[in-house]
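Chemist: pasted the sequence and its predicted model underneath.
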Amino acid sequence: MADTQTLVRQKTASKAEQAGLATRRAPLAGKQGGSATVILVPAEAASRISLRARAEDVGALSKGLGLALPVKPKTSATAGERTALWLGPDEWLVIDQSGADLVAVAASSGALHSATDVSHRNTAVIVSGPGAAAAINSGCPQDLALAVFPVGACSRTIFGKAEIVLWRMAEDKFRVECWRSFSEYVFGLLSEGAEDAAL
Amino acid sequence: MLLIYCPYCEEERSELEFRGAGDAHIVRPTNIADITDEEFEAFFFLRDNPKGLIFERWRHIHGCGRFFNAARDTVSDRFYKTYKAGEPKPELSAILPADSDKGASK
Amino acid sequence: MSGANRIAGAGRLTPAKTARFTFDGKSYTALQGDTVASALLANGVHLVGRSFKYHRPRGILSAGAEEPNALIDVARDSARKQPNVRATVQEVFDGAIVSSQNRWPSLAFDVNGVNNLLSPFFAAGFYYKTFMWPKNAWHKLYEPFIRRSAGLGVAPKEADPDHYSSRYAHCDVLVVGAGIAGLSAALAAAATGASVVLCDEQPEVGGALHYDSGVTIDGTPGYDWAQATAARLAAMPNVKLMTRTTAFGYYNHNFVGLAERVTDHLADPDRTQPRERLWQVRAKRVIIANGAIERHMVFANNDRPGIMLASAARTYLNHFGVAVGAKVGVFTAHDSAYEAAFDLKRAGVAIAAIVDCRDRPGEAVLAEARKLGIEVLTGHSVTNTAGKLRVSSMTVARNGSNAGRRINIDALLVSAGWTPSIHLFSQSRGKVKFDAEHQRFLPGTYAQESVSVGACNGTDALQATIDEAIAAGEDMARAAGATAGGKVTVNAQSTFEWTGGMIGAGEGAGPDTTVKAFIDFQHDVCAKDIRLAVREGMHSIEHIKRFTTNGMASDQGKLSNMHGLAIAADALGKEIPKVGLTTFRAPYTPVTFGTLINHSRGKLFDPARKTPIHPWAEAHGAEFEDVGNWKRAWFFPKAGETMHQAVDRECKTVRNVAGVFDASTLGKIEVVGPDAAEFLNLIYTNAWDSLKPGRCRYGIMLREDGFVYDDGVVGRLAEDRFHVTTTTGGAPRVLHHMEDYLQTEFPHLKVWLTSATEQWAVIAVQGPKAREIIAPLVEGIDISNEAFPHMSVAEGKICGVPTRLFRMSFTGELGFEINVPADYGQAIWEAVWARAEPMGACAYGTETMHVLRAEKGYIIVGQDTDGTVTPDDASLNWAVSKKKSDFVGIRGLKRPDLVKDGRKQLVGLVTKDPKTVLEEGAQIVADPNEPKPMTMLGHVTSSYWSENCGRSIAFALVAGGRARTGQTLYVPMPDKTIAVEVTDMVFFDKEGGRIHG
């Protein structure tokens, strides 16, 4: 058993080795799922901040972050590995795939804001394939027709009994962000939705 | 299930994303520590529960997170208007269609 | 041979494609596409059930969803079994096990049939009268009797092995019903480019075209046109066509629930398929094309097997190829029934007579009847029938005359005309209007963005229906924003235009009070029952409905409502609109629980929230308890330990050595911004300006009414950044409460709130050896007592991982709470454990946490408080700032009731016998001998065995509690009265030195 072995190793490990042993365990590690028309993959670890700021500070923050923070509801902006999702009139979820220290990046803007690290609070599932929207609509009440929820659109919403942040990355590819303790539920419902979407 | 226009998201969304938050336009007195028992009772406890037009608060809790106000008919559940928190209470004539019954709101 | 009554060449089913099924154990052959009803009729089976109250033999009345009689139990195996299925809707599949219901020991001989003879005792309102007295008899006699004899179907005992799914969908135009009107409307809407959903409850589209053989559309037979049109629609990318899909509920803002039956008709369904799928459709516009439902005639003994709606007999003939009898009578008030007789006659069935209660039926149908040699008796009525298990004769009399002629028949087709199906319109909160000329209710004022077309809108003529539907389809699509061109034209002809119709009691429904002229078949409501209800003072139709249970059966009065209303209006001497119509409610037809629940079962019933350390706890044998949606480690029993032994050991170990506790579920809110301290000043009773970065404080939060709402430790990380903790269960509502005030009362403050509950895994290390355990792991923080005293916070690293380290304690011991980014939670826990375990420390769970905090007098908001407790009641006045001019609850605290003497206060309780542990929730009295009702002083809020104290300890809310310190009070229990002494709330380490260790 892996757990026991870790334990044994830690008992005999020096402090430095213990530091090295601080392995990261993603809540959805090892999960896979989907159906003939939907692929479900846990997203790679990424750094994330919940960014809050007033309208007058958006310009400076955009400069600091290297992308134009979206100010239109349900829209996102991406530059390289970094994406900012509009969640509310003064709220963005910024995701950086390269793992950059977003709190520090935001601070470097010098503008008044609040940046709270939520890299570990959230986790995500990438839902792709021709049945992706149908799978998500098994529990999400939003209209995911392309005309209404186009590529790049994003929204905090509901998925069954969990809150999610939904981002359409491509026509048939979505990122479903949720809090880590809801991820098992979200993945489970997505799995059933994916199966149903294939029928 | 209601369909509610969020004035911040500028879109109609399912009631599932929202949470009701009671009557609107009840102002917390700035000198609240000094008000009389009667004033506190009126501020905190007394509500009209009208049949017809009501001004009420909603929060788009599973959306943009914002509180906002709505003018709704409690009988038909029709929303006459939703508007951002802090905006003044709209004039009845501006929101009520000509055919509607007058609600018992103040 | 698929039944002796199958007529060669008739119907649309393929004779070679058969299916076998059993009914009450007997095997029958059906054709694929048969309903259970059509297959039974083909095999000459008319008797299919017993009525609810009188247990009268009942047959198949209809050919659709309105069926009140033919309720059956359909099973594949012992678990896949559904009661109360309408035989007229259930499609036969090979191997179906079908049983009749509500009979014992058999359908043909039912012991409870005696109820029919006892019927004088079962008059309307008998529930309210018969079973009222004596009171004790209800539980012992009446209720068991009613439950045993009145049950409809029997639910399966096993869990449902099928699965169900759900889908949200949006469309421009939803069309409900795929008959002539619905198909035409859908064609027109689809031609504009609008997204269209078209649904129909039947396996195939067509609606009335199933039976109406006299309709030609665009040069082809109506039914064939319908199928071709459906194929055209289904091929369009902007159309979704769903059959076997019932629009069961029309809710607010064009939200319509559809139940799609996916596998119920299949002999060997693919188990990956859901049995049913719930569609929650939000439509910009809705077109209701529900059609109309034929009414039966109300006369004496109108319920015998073999008596059937005329259109149903036509469906069985024209669609299923089944003759419902060999010598058939017709009793009608409407021209449409004539066509049933014509079709049957042409198929070779003898028609005994058409009895028409009208003096002047339509000329065209009369002429056709003459041509076919069918006897028509106008101005006559069927006044009675005979036949035990199937109708054998009808008595026909000239209207107003008592002298009747008996005519032998084996089936009787009835029609009182057509009731527009306004259920969905009514559910949408539209206001109906009464069409006096045709004695029917029609859609009047719409409450939502919808329109009714065709028969459900009172539009009877064929081409008018089509034109109306096409116009509505285009209008609704345009209103929904569709812009593409495309005109649709559909031309149709029908053989006859229909006239006629009546509602209420016919000639044979008696004025006399013993005649059983049924209105509501399923609930055995007769015309006389409605009259009785009126005589007994029920004047509102809503009261009459409840008194008689008319329309309250699973068919929801689809056939009975109008008759009941007309009889009531007659008895009341009022016009029908003055008596009013009862409210139609969802669902239109019964929906399975499985469909409504869909994915929310088993693991998906509710999210089971687990902490990052959960896998470790699970691997180390923890028992878990539910706290909200969280699974929390409750205690860690060693081999052979009971819960109490484990908790006692954990409690001792923490105080003697140390313990490690997973506190990750604690709510955390990051409060950031230049006005953060000012905001917290307004939200908490405490003052926060004075708290220096690096320090923590216990805070209390009130509601505006002055009662304690939540509590927790708040750490100041920087001038403009606070780390707020809340109770586990309180996290979401506390954030909501804070956001409410921030957004709507204090929007001028520059501060933002972010939930960080799940960002951090929290490992509490508590006990004398806590510092020794963590010291070698921590980097960059001096955790000595001097540099890092109780109630400190610092950011640094642990095992190379960033940490927010708190020096705090919920045990009264030297304690730390290590916050690390959640993905590292288990690794850091394991590193801590690797040091703690060799020192003799333990992992402990929530139970030990509860005991240890109680030993120290720390309250848990929500357990020791209940929403009516002030800070003073909980002896927490020290945490209420006296200097602030405002905070939430400041005025509430001054309310007269909140400052008066004698309030319930939180105190400690010790039992006189130290071994006795009180029950939480137990009531407390001053005088155990006081006569009942005794004066309750309060109740026990927390109670534990404290191994550290060697005795039981408890908290209680007691009126005037603190002044009673030292007094003896009593806790009366069912078996004994327990004497207790009121104490302060600190039971262990009263001086509080250990926390600073």
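Modeler: Now that the structure is in, tell me what you want to look at. Residues are numbered from 1 along each chain as shown, chains lettered A, B, ... in the order given.
Chemist: what pLDDT does the model give the nearest residue to residue C:104 once chain neighbours are set aside?
Modeler: Distance criterion C-beta to C-beta, 6 or more residues apart in numbering or on different chains; nearest residue to residue C:104, sequence neighbours excluded, is residue C:111 at 5.8 Å. Placement of C-beta: from N, CA and C, glycine included. We note a pLDDT of 73 for residue C:111 in this prediction.
Chemist: same check on residue C:77?
Modeler: pLDDT, residue C:77: 89.
Chemist: quick revisit: so the residue nearest to residue C:104 touches residue C:50, yeah?
Modeler: No - with contact defined as C-beta atoms under 8 Å, residue C:111 does not count as touching residue C:50 (10.5 Å).
Chemist: what's next to stretch C:248-258, contact-wise?
Modeler: Outside stretch C:248-258, the residues within contact range by C-beta atoms under 8 Å, 6 or more residues apart in numbering or on different chains are B:1-3, B:15, B:77, C:174, C:176, C:199, C:242, C:245-247, C:259, C:278-286, C:424-425, C:427-428, C:448-450, C:586-589, C:591.
Chemist: of those residues, grab the buried ones for PyMOL.
Modeler: In PyMOL, this line selects whichever of those come out buried by 16 or more other C-beta atoms under 10 Å in any protein chain shown:
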select buried, (chain B and resi 2+3+15+77) or (chain C and resi 174+176+199+242+245+246+247+259+278+279+280+281+282+283+284+285+286+424+425+427+428+448+450+586+587+588+589+591)
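Chemist: number of nearby residues for residue 105?
Modeler: With no chain named, the answer covers chain A. By other C-beta atoms under 10 Å in any protein chain shown, 19 other residues sit near residue A:105.
Chemist: let's do chain C instead
Modeler: A count of nearby residues for residue C:105, using other C-beta under 10 Å, gives 8.
Chemist: please apply the same query to residue A:111.
Modeler: Neighbours of residue A:111 under the rule other C-beta under 10 Å: 18.
Chemist: can you check the one 4 residues further on too?
Modeler: Applying the criterion other C-beta under 10 Å, we find 25 residues in the vicinity of residue A:115.
Chemist: do you know how far it is from residue C:720?
Modeler: Distance, residue A:115 to residue C:720, using C-beta to C-beta, to the nearest Å: 12 Å.
Chemist: do the same with residue C:565
Modeler: Distance from residue C:565 to residue C:720, by C-beta to C-beta: 70 Å.
Chemist: between these two, tell me which one has more neighbours.
Modeler: Neighbours per residue, other C-beta under 10 Å: of residue C:565 and residue C:720, the larger number sits with residue C:565, 28 against 18.
Chemist: am I right that the more buried one is in a helix?
Modeler: Yes - counting by DSSP: H, G, I helix; E, B strand; the rest coil, residue C:565 is part of a helix.
Chemist: do I have it right that it meets residue C:575?
Modeler: No - in this structure residue C:565 lies outside contact range of residue C:575 using C-beta under 8 Å: 10.8 Å.
Chemist: near chain B, which residues of chain C?
Modeler: For chain C, the residues in contact with chain B (C-beta under 8 Å from any C-beta of the partner chain) are C:168, C:251-255, C:280, C:282, C:429, C:447, C:704-705, C:736, C:739-740, C:743-745, C:747, C:885-886, C:890-892, C:894-896.
Chemist: narrow those residues to those in helices?
Modeler: Mapping the residues of chain C next to chain B onto helices (DSSP state H) picks out C:736, C:739-740, C:896.
Chemist: for residue A:153, give me its contacts.
Modeler: Residue A:153 sits next to A:74-76, A:167-168 when contact means C-beta under 8 Å, 6+ apart.
Chemist: tally of neighbours for residue C:179?
Modeler: 28.
Chemist: count of neighbours near the residue lying closest to it once chain neighbours are set aside?
Modeler: With C-beta to C-beta, 6+ apart as the criterion, residue C:179 has its nearest non-adjacent residue at 2.3 Å, and that residue is residue C:207. By other C-beta under 10 Å, the residues close to residue C:207 number 28.
Chemist: so residue C:207 sits against residue C:175, correct?
Modeler: No - Residue C:207 lies out of contact with residue C:175 (C-beta under 8 Å); the separation is 11.8 Å.
Chemist: now do the shared contacts for these two.
Modeler: With C-beta under 8 Å, 6+ apart, residue C:207 and residue C:175 have common neighbours residue C:182.
Chemist: one step back: torsion angles phi and psi at the residue nearest to residue C:104?
Modeler: The phi and psi values for residue C:111, taken as degrees, to the nearest 10, are phi -50, psi -40.
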